[in-house]
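Q: I need the structure of the sequence given here:
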Amino acid sequence: MMLTKNHIESELSIAYVQAVSAKAGFATEFTRVDLDSVDVTVCGKGKLSEDSILHSPKIDIQLKATKNKNVNSDGSISFNLPLKNYNDLRANCLVPRILVVLFLHNDENHWLSHTVNELIIKECANWVSLKGFAESSNDGHKVVRIPSANIFSPQTIFELLNKISKEEEL
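A: Prediction:
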């Protein structure tokens, strides 16, 4: 039996975060059973900069993938997040949490290309921290706005973990 399109989207989001984190020099730990809206943890080792306060910072990530990229007039991207995930991600937690959404091309034939010289995942992922967001009275889902400038890249994951090591807000 082959994977469904939803499973393929999910697996591509995992591959994306793992590749980006590895390129930045960080390890990834995958949650075996996701009860708390955490799919993967990215882990730093030691002191990331001279002014780091915390050693070996970590960040928890809820992964999503979608073909529906809804760009708003302000440039932000709307994403329809299940309310359970929204509530889990806005909580004040020991390990900071972010939402990472991989936006895929509408045509699944453009999701990934492979040659003897390249392996390319098309489109990119964006991230947002929902910590401290207001409670929602919605039933089932909450539309969140993800800044289009928040591209999940090797530089970004380093910056996020470095902020965590300095006990700064994301």
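Q: list the contacts for the residue nearest in space to the middle of the chain?
A: The structure's the chain has its C-alpha centroid closest to residue 100; by C-alpha atoms, centre = their mean the separation is 2.0 Å. Neighbour list for residue 100: 13, 17, 61-64, 125-127, 152 [criterion: C-beta atoms under 8 Å, 6 or more residues apart in numbering]. Backbone N, C-alpha and C define where each C-beta goes, glycine included.
Q: Wasn't it part of a strand?
A: Yes. With DSSP: H, G, I helix; E, B strand; the rest coil as the criterion, residue 100 is part of a strand.
Q: beta partners of it?
A: residue 63, residue 127 (DSSP bridges).
Q: what distance separates stretch 70-88 from the centre of its chain?
A: 13 Å (C-alpha atoms, centre = their mean, to the nearest Å).
Q: and if you look at stretch 18-32?
A: On C-alpha atoms, centre = their mean, the centre of stretch 18-32 falls 11 Å from the chain's centre.
Q: For that stretch, buried residues please.
A: 18, 20-21, 24, 26, 28 (16 or more other C-beta atoms under 10 Å).
Q: coming back round to it: and the pLDDT at the residue nearest to the centre of the chain?
A: Here, the pLDDT recorded for residue 100 equals 98.
Q: how about the one helix or strand residue 142 maps to as PDB, C-alpha atoms only?
A: Secondary structure from DSSP states H and E places residue 142 in strand 141-146. C-alpha atoms of strand 141-146 as PDB (Å, rounded to 0.1, in the frame of the first residue of the first chain):
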ATOM      1  CA  HIS A 141      -9.800  25.400  13.900                       C
ATOM      2  CA  LYS A 142      -8.100  28.800  14.200                       C
ATOM      3  CA  VAL A 143      -6.700  30.700  11.300                       C
ATOM      4  CA  VAL A 144      -3.200  31.900  12.100                       C
ATOM      5  CA  ARG A 145      -1.200  34.400  10.100                       C
ATOM      6  CA  ILE A 146       2.400  33.500   9.400                       C
END
